[in-house]
Every structure is written in C-alpha cells, then in structure tokens.
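Participant: Provided below for reference: sequence and predicted model.
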Amino acid sequence: MEEEVMTEKRPIISAGGGPRLEGADRKSLPMPARYAINAVVVLVLLVLGELMIDGGVVNRYQSTVLEQVGIYIILAVSLNIATGYLGQLPLGHAGFMSMGAYGCSIFIIRMSEALGVGARDFVTGSPLALALVLGGLVVGGICAAIAGIIIGIPALRLKGDYLAIITLAFAEIIRVVMLNIDDVVGFDLTGGAAGLTGIPGYSSFLLVFGCVAVVCFLTHTMMKSRHGRAILAIRDNEIAAEASGVNTTYYKTLAFVVSAFFAGVAGGLYAGCVGVLQPAVFGFMKSIEILVMVVLGGMGSMLGSALSATVLTILPEALRAFSEYRMIAYAIVLILVMIFRPQGLLGSYDFSLSRIIERVMNRDFPWSRSKGTAEGKEAADA
Amino acid sequence: MFFTQVLNGLQLGSIYALVALGYTMVYGIILLLNFAHGDIIMVGAYVSWLVMAQLGLPPVLAIILSVAACTLMGVLIDKVAYAPLRNAPRLSILITAIGVSYFLENGAQLVFGADAKVVPAYTELTTVQLGGLSLSFPSILTVLVTAVATVALTVVVQKTKLGKAMRAVSEDMGAARLMGINVNTTISFTFAVGSALAGIGAVLYAMAYTQATPTMGMMLGTKAFVAAVLGGIGSIPGAVVGGLLVGFAEVFVTAIGLSVWKDAVVFLLLIIVLVVRPTGIFGRTMSEKV
Amino acid sequence: MFENVSRRNFLQVSAAGVAILGLAGCNGGGSEGGSEGGEGGSGSIKVGIMGPHTGDNSSYGLACLNGAQLYFKQLNADGGVNGKQIEAIVYDEKGDATEAVNAYNRLVQEDGVTGIVGDVTTGPTIAVAQASVADNMPCVTPSATAADVVTYGSNYFRACVTDPEQGRVMANFAAEQGYKSVATLYLNGSDYSEGVNDAFVEEAEAQGITITAQESYSEGDVDFNTQLTNIINTNPDAILVPNYYQDDGMIVTQARAQGYDKVFLGVDGWSGIYGGSENYADAADLHDCYYCCAFSSSNDSEVAAQFIEDYEAEYGETPTNFCALGYDAAMVLANGLAAAEEAGFGAGSEDYKQAVIDGIAGGTVEGVTGSISYEGTGDPIKSSLIITFAEDGTEETFEVLEA
C-alpha cells in the first residue's frame, strides 16, 4: 500500500490514459472500432432511458431530476475545461449559463411566434420544433461564447485571483444587464426582474442526454488533440509552454470560449426544463455550486465532474430532510477535500471503455499482474 | 446637497477602505484572496447584537468583544483552513477560502436565521452640529476612525519589528525564514491585525446601518476587494484610495439617477483598471520566475 | 499526513460515507414525507405544502407553512373534510425555481396529492404554475403577488392581492390624503418592488399626483443616503417604499436621520417592521407611515383575534401577514376539497381535481385576512387594511377598504 501512495503522481495527459507498456505483442483496438463501441453504448443507454420513461417505469418527477442531472453534468464538464484542464479559476460560470439560457429561450419564443409553432409542438416533437430547439441551443451557446470572448481576452491577461475576481465581476455585470436591459432597448427582451416566462418545455431526457454525449465527446476529442495538449501544457507551466512555442493567449481564449459555449448550451436546456428565468438565479452561488462539483470530482477528470454532478444533484433530492445542512456540508466538504485531497475524489483519472476492452483482450487483469504489467498499471491508475 | 453627497461618499468609502486594508494585508503576505474576510465582519456584527440585544451588556463591551471575536476568528481560520495548505497550489487555497466564506454564511443562517437582526445603537448621539451644518455622527466617526486606523497601521508596518518581519515575509517567505523570522507567527499576526480592522469595520457598519444578516459580508467583501485591487493590492495607501474611489463612484452614479447600474459601474471600473494597469494604482509590478 | 491520501483509500472511505448517508437518507426521507396533520391512512386526503423553508427567503416560507399547518390541524381536530383527515406533505424548495418544479413533480407523481398550498415567492411559483397546467392540479399560493402567476391556467389561485393592485390602492390612498407630490424608492431586481412601483406611478399620475423622483437600489444595499438625499431635495409630500420590512426599516431610519419628517407609504412587505421578532425601526421614526396589508395583529375582528390567539398558543409568537395568508390559502384549498368530496368523485381523478377548482372558484371563505371570493380569475376579491403606527410603535388600523 505504501508504495502505491508514493508512486501516485500527476499524469502528463489527463483526458484519458495514454498507451502504456509498449510491448510489440500488445493487442489494441483500432480507432474506428473504439468510436463505434462507445457510440453504440451511448445509443443503447439513451434508447433504454427513453423506453423506461415512455413505459412509465420512470415517472415525470424522476425524469425531470434526470434532466437536471444532465444539465449539471454539462455545466461541470464545461467548467472543468477552464478549471481542470486550463488551470484557471473562473467564478462566473453562472453568467455564461444565463447568457445561454436567455439567448436560447428568447430565440425560441420569438421564432416560434414568427413560425407559428405552438407550445404543444415542443412536447410532441414536430420536426420544425426540434429544429428550432437545436437552433436555440446553438444560439444560446454562441451568446455565451461571445460573452466568453469579451471577458476572456482581457481576463486571461491576468491570472489566478485576478482572473477569479474579474470573472465574478463580469457575471455580476451580466446579471445587472439582464435586469435592466429592457429599459435601455425600450421593449420586452428579458422581462427584467419579473423574469422571462412562457418558455416552452422543450427539454426532454433524450435531448439533454444527447447534448451530454455530444459535449463529452467534443471535450474528449479536443483534449486528446494537439490543441488539448497545448492547453494542458499551459496549466502545467505557462512560461515553459510559451517558451516551447505554444500560443498561450490563443489557447487560453480557446479553452475559455469552449467552456462558455457548453455552459450556454446547458443554460438553454435549463430554460426549457424550468420554464421561467430570473436573473437572480444566476448569481455567485450558482457559480460556486458548479465549482464544488468540479473540485469534488477531480479537477481535470471528466468522469469525476460527471459523477459528482450526478451525486450532488440527486443527493439533495433524496435527502430533503437534511436540506438545512446541505449548504454547510458543501462548505465543509470543499475545505476538507482541499486540505486532504486537493486533486479531488478521482484526481485526474478518467474512465475509458476501450482501455478496459483492451485489457481484457490482453488478459491484463489487476489480479493477474505479471512482472511486466505491474509497473504500467501503477502509472495508468495514478 | 452636494456637500451631503460628498459626506455620503466619504462614509461609504471609509468602510470599504477599512475592509480593503484587511484584504490587502493578507494578500500582501501570503498571496491569498481571503474570501472569508467580508464574513468576518458579519461575525463581528452578530457578536455586537448578541452582547447588546441578547445579553443586555453596555456598548463598550460590545465593541471590545466584537473586535476580539473578529481577531480570534481571523487567526483561527488561518490556523484551521489555510495553514495546512501553505505550500499547496494557489488554486487550492483560493477554493478553501471560498469554502470558509460559504461555511460562515450558511452557519450564521443556521444559527441566527435568515431574518436580519437589529444591532442596538451604540450611542445616543446621532447628529453633530458643525458650523451650522447638521452632520450624521456615524459618518463623521467612520471617517475619523478609518483615518486613525490607516495611520496606525502604517506605523506598525513601517516602524515596528513585527511590521518589518511582515514586510520581509511578504518579500520572500523562504529567505525570511532563513533570516530567523518566525513565519507562522508573522502570518498569524497579519491575520490578527487584518481581522481586528474588520472588527472595527463591523462596529462602524452596525452603527451606521444597524442590521446584521448572514450574507451582509458578501457584497461588502467583494466591493472591498475591488477597492483593494483598484488601489494596488498589497499597498496600504492603495487600499484607502481604492476604498474612497469605489465609495465615491457608487454615490456619484446613484446621485445622477443611475442607481440600477451602480454595481455594474463598480465592476466595470475594476475590469478597466485591471486591463490597463493590472497592478492597480499603487501596485508594484512583479516579474514571474519559471 | 495532508498530502498523500491515495485515490483508492479515499474512494473506500467516501464509498462507506455515501452508503451510510444513503441509508440515513432512506430513513429520513421516509419520516419526513409522513403525515403532518393527522393519522393518515385510506380515509385521508393528501395535500402538499411547499415553499422556501431554508435560505434567504425562508422567513416568508416558514411563516406561510406555520399558518397553513395550523389551519389543517384545526380542521382535522374538527373532523376534517367529509370525515377524512387532511394529510399535509411538506417540501422545501429553498427559493429556487428548479427545486420548486422538482418538489411539485414529487408531490404530484410520488405522493399523489390532490391539492397544493404554494409556492410562496414569485419566481418559483411561476415555474410551478407553468408545470401544473398540464395536470390541472388545484394550487393556492398564499403570497405570490406578481400579476401573471394565475394566468397560465384556471387551476391556480392566490390568497393575496397582486402587486399592481397594492400599488393602485396606495396611489388612491395618496390622492385621498391630498398628497400633491410623491417620490418612490424601490428595489431594482425585485419583481414585487418594481411591480408595485410601476402600478403606483401610473395610477398616481392618472390621479394628478406629481412623481418627483423614482430612485432604486440593489439587493443587499444598506446605504440609502444618496438616494434619500436626492429624494428629499425634490421635497415630496410622501415617499413610497414598496419592499420588505428589513430594507424599509433602514430606509425610514436613514431618512429620519437626514431630517425628513413627512409621510412614508408602503405595501404589505412592511408587515413585521415593528413588534415582530425584531424592531427594524425606532417607534419614534415610524410616525406618519401608512401601508396597505391584508392582516395586522392590531386587527380586532373576531376571526382575526381568534387566529392570533391560536397562533400564539401553537408557536409562541405573534403571527405576521404571511402566517395569516398561509392560513387563508389552506382554508381556500380546503373549501375546494370539501366541494369535491361532496360531489363524491374518486380522489385524484380528473373530475375530482376539476371539482376542487370549481369549488374554489365558486366559493367564498371568511379568512383571517378578510372575506375571499373569486370572480372568474385566480385573483381574489378581498378587502384591504391601511395600517399606521401609534406613538409606541404598535400597529393601528387606519382604514378598512372594502373590496
């Protein structure tokens, strides 16, 4: 046990384990097969979930909670890009979420009026309504991404605490603008303090988890690419990365904007799930809630973010009796995790189905560690 | 009317300045944005309420106990939450600070409830006559106390042995340790001084605005941090100038009838200053080593 | 010891922790969802009560909850509805719209309630109102005052009067009192405060009153001196402060300190400014303050006096406006349930729900906040009180405005 503790260290690339033990006879899966396997698994899960909802095994209460789980997974995974992979601490994620939520729902409300799509169509899922929803989510994401560029370029010149405080400031500005923009433009845009109401309930299990799959896939492929490695290099040592020829400003902005875009998509889904938007919802507290998920799950671990988003969304529902203590428990957990396990529950470990399959193919099981594989396994587990 | 608004700005700015001084000292020495600093003020206000409204003790005792409780709280927070992370990445300490702030706010809500508590008046004196003008006593007192505290703090930092140690630790913690400075004591002392200032701030705040709520420290703390950054974090005169700047900016925006944009203007000011001059008005530029 | 805890150790410990929590949760969840008002069982009617019982708005949510529970308890002691006991299931939504939708879905889908008292604040209530239309679930909100809460379907009712209505009442009051100029100071970002302010300004201008200034402040502000300096400079006859008692208390105190000694006008958020758990302003500063409200502990009507007595016996504190509204909302819902029970529909059926809704819409209840009836919408026809303060700070009913 003691040795294992000592060997644990930060991996070089955290978005999935790299190849290890390069024995010539090690069997591996070709890339298309990997994608195919993962795609099939995701599809099966989606269809299974949808069948259970249609069949009434999962009631509306449970499916709504599931939708929220999905929305928080997207939020946590997207914040993880900026926090875990880029190593910055934006405290204004709720601001991006609100940009996306307002952008998406205003687009959908206005367009459905213009095109004559009724609220029922969103529930039954007519092709036009579906196109409108997807369009709305993209619009929401773009709104958030634009906000990300506006704040990212000045903010990313600063680092650490300054970046944290400037993103916090920007999220507050967004909130104030959402509240008061109607008076400036002279017509009803956001509904001000009374809120934006009458948003059709377009979010469904299939839509939310479809988005989750797409977001996770895009994040994963980005982080495995040249661009992802550049982002990780900036996290590990910005000056060294710059010296090695990484365009730090470009990649910092890129990570920041992608993170904002996904948060905007999540915001759009949130609007369709709840049906009413009030600027006060997207305050500092919401940003912290998302941050807790990322920190707890493991900064730099997509699986960790997704897991802790799931647990932290379902647990309060299961433990309504303890709701008084929930916030305090969040705070204590945050402090304890930072003191005892600063890298979060899962550290930067990520789950990979193909890796497990490969392991089975090579008969490389944890319990049958031969001399050669043991060392590689330690490194992979870390 | 113009004169009244100037006094309003001075009073608001002075409270921001007092809180900003605490931020600046802690940041100056361990490069930590102490998110919980605003909440220490909340604790101070509740202590005043407990002592006067619940126990019925005299105001002098309330002032002493509030400042003492804040000082203790600051040192305790450092020992429990920040000291174990002295060598951890900055991100970890920052998240811990957020956790502490969150803990204090929600703890207060659990213990005292969400409703505001009314802190009784410390003094019967509400207005003073000065050359035919009737001035609010809390405003005058706030401005005076802040001025005195700033001078006292400057003297402590510049002239005393502990102040010298503080400056040394802030310059280079490792080298200071090699020179025989007890780094932990120095950091504790910094927290104590910063939190005592927060305690004084709490009393002045409660005197002027009379209510204690669990989340009162959040906006106050954020604005004071903005003030500290505007002035140049780590600089004592910077914190005071920053505080007054934020106070006057808020009063000015409100006075010309744009009060809905008040918070946005303050934060915009912050963004502009950070972009144009990231180290603030009085800040030193620091070069980073690999 | 701080640095090196391996992932495996950590996971083992956390897994054990989660398992324990989960077990505790099963027990906790089981007992919490249980009956609050009676013995339950097959001869009971399930209703839901929801609101913010923790968080920033918890004081309003808890007050409504206490009032509603008191009513159901009394009703059960009197034999319940049609011989059946009312079983109240309580959920906290923490003031959050998402949580409110979850709580609503859980009440309807898992607990099978036949009616809901809630929600309390506007944002979550609108979310619940939109979700409840499809179920045609009868709901009565004690206190959500925004105009569009009841506009989504015929199933939503409220026990209180709307923001715009309160604004108009105060504007009429100002005109009656002969104020020529009024300034306002409202909370930017609060639908309640802005709603009252807008309606007041519109009505007051229609009545020929000059609005000298409309100032605002933001959530969490404590320094109102700048706005007050501006307002006092325009020399109005009265200042409208449409917000909750904590802010109102600070505003009154700071304005009096600046030497303003004329009139303050308020709305039902003022309830509790003096004589409740805390005194948010000095009695000496509360002269010439008038606010409109549905309920006051100074109210000497028989129903109200009995309610105050019962409430104090139950909870050991004086009821506020919110407590009374919670009590009345429960009464309105019970009235609808009684109608449906009489018709003899099976509990939870579509006919039953429609019968409850029809029962509420067609009935009249004598609540502690006055007689409540509905005329085709979810907005009640009810009387209002104008309340002012005596020299020692106690509330006095200045005028009763019949519906």
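Facilitator: Cool, got the structure.
Participant: go ahead and list the helix or strand containing the nearest residue to residue B:67 once chain neighbours are set aside.
Facilitator: Leaving aside its sequence neighbours, residue B:67 sits nearest to residue B:199 (Cβ to Cβ, 6 or more residues apart in numbering or on different chains; 3.5 Å). For glycine as for every other residue, the C-beta is placed from the backbone atoms N, C-alpha and C. Following DSSP states H and E, one finds residue B:199 within helix B:183-209.
Participant: ok, is the next helix or strand after that helix in contact with chain C or not?
Facilitator: Downstream of helix B:183-209, the next assigned helix or strand under DSSP H and E is strand B:211-212. Yes: counting by Cβ under 8 Å from any Cβ of the partner chain, chain C is contacted by strand B:211-212 at residue B:211.
Participant: what is the mean pLDDT for strand B:211-212?
Facilitator: Across strand B:211-212, pLDDT averages out at 91.
Participant: so what strands line up beside that strand?
Facilitator: Sheet pairing of strand B:211-212 (DSSP bridges) gives strand B:117-118 (antiparallel).
Participant: could you find the closest non-adjacent residue to the residue nearest in space to the middle of chain A?
Facilitator: Centroid-nearest residue in chain A, with Cα atoms, centre = their mean: residue A:77, separated by 2.2 Å. Leaving aside its chain neighbours, residue A:77 sits nearest to residue A:305 (5.0 Å; criterion: Cβ to Cβ, 6+ apart).
Participant: verify the stated contact: the one you found with residue A:76.
Facilitator: Yes: taking Cβ atoms under 8 Å as the definition, residue A:305 is a contact partner of residue A:76 at 3.9 Å.
Participant: joint contacts of these two?
Facilitator: A:293-294, A:297 (Cβ atoms under 8 Å, 6 or more residues apart in numbering or on different chains).
Participant: near the residue of the stretch 101-250 of chain C found nearest chain A, how many other residues are there?
Facilitator: Closest residue of the stretch 101-250 of chain C to chain A, Cβ to the nearest Cβ: residue C:105 (3.7 Å). The tally of other residues near residue C:105 (other Cβ atoms under 10 Å in any protein chain shown) stands at 21.
Participant: residues in contact with residue C:353?
Facilitator: C:114, C:135-138, C:155, C:340.
Participant: so where does it fall, helix or strand?
Facilitator: Counting by DSSP H and E, residue C:353 is part of helix C:350-362.
Participant: just how off-centre is that helix within its chain?
Facilitator: Helix C:350-362 sits 23 Å away from the centroid of its parent chain (Cα atoms, centre = their mean, to the nearest Å).
Participant: and what of stretch A:157-176?
Facilitator: Its chain's C-alpha centre and that of stretch A:157-176 lie 20 Å apart, by Cα atoms, centre = their mean.
Participant: and stretch C:103-122, anywhere near chain B?
Facilitator: No: shown here: stretch C:103-122 not in contact with chain B (Cβ under 8 Å from any Cβ), separated by at least 12.6 Å.
Participant: so the residue nearest the centre of chain C: helix, strand or coil?
Facilitator: Closest to where the C-alpha atoms of chain C average out (Cα atoms, centre = their mean) is residue C:143, at 2.7 Å. Three-state call for residue C:143 (DSSP: H, G, I helix; E, B strand; the rest coil): coil.
Participant: ok, it to residue B:74 distance?
Facilitator: Relative to residue B:74, residue C:143 is positioned 40 Å away (criterion: Cβ to Cβ, to the nearest Å).
Participant: neighbours of residue A:30, how many?
Facilitator: With other Cβ under 10 Å as criterion, residue A:30 counts 9.
Participant: what's the pLDDT at it?
Facilitator: 80.
Participant: so where's the stretch 251-382 of chain A uncertain?
Facilitator: In the predicted model of the stretch 251-382 of chain A, residues A:320-323, A:366-382 satisfy pLDDT under 70.
Participant: same thing but at 50, please
Facilitator: For the stretch 251-382 of chain A, the stretches flagged by pLDDT under 50 are A:370-382.
Participant: and chain B, by the same measure?
Facilitator: Checking chain B against pLDDT under 50 turns up B:289-290.
Participant: just to revisit the earlier point, so the residue nearest to the centre of chain A: helix, strand or coil?
Facilitator: helix.
Participant: partner residues bridging the nearest residue to residue C:90 once chain neighbours are set aside?
Facilitator: Setting aside the residues directly before and after it, residue C:90 is nearest to residue C:49 in space (Cβ to Cβ, 6+ apart), at 4.9 Å. Under the criterion DSSP bridges, residue C:49 forms beta bridges with residue C:90, residue C:117.
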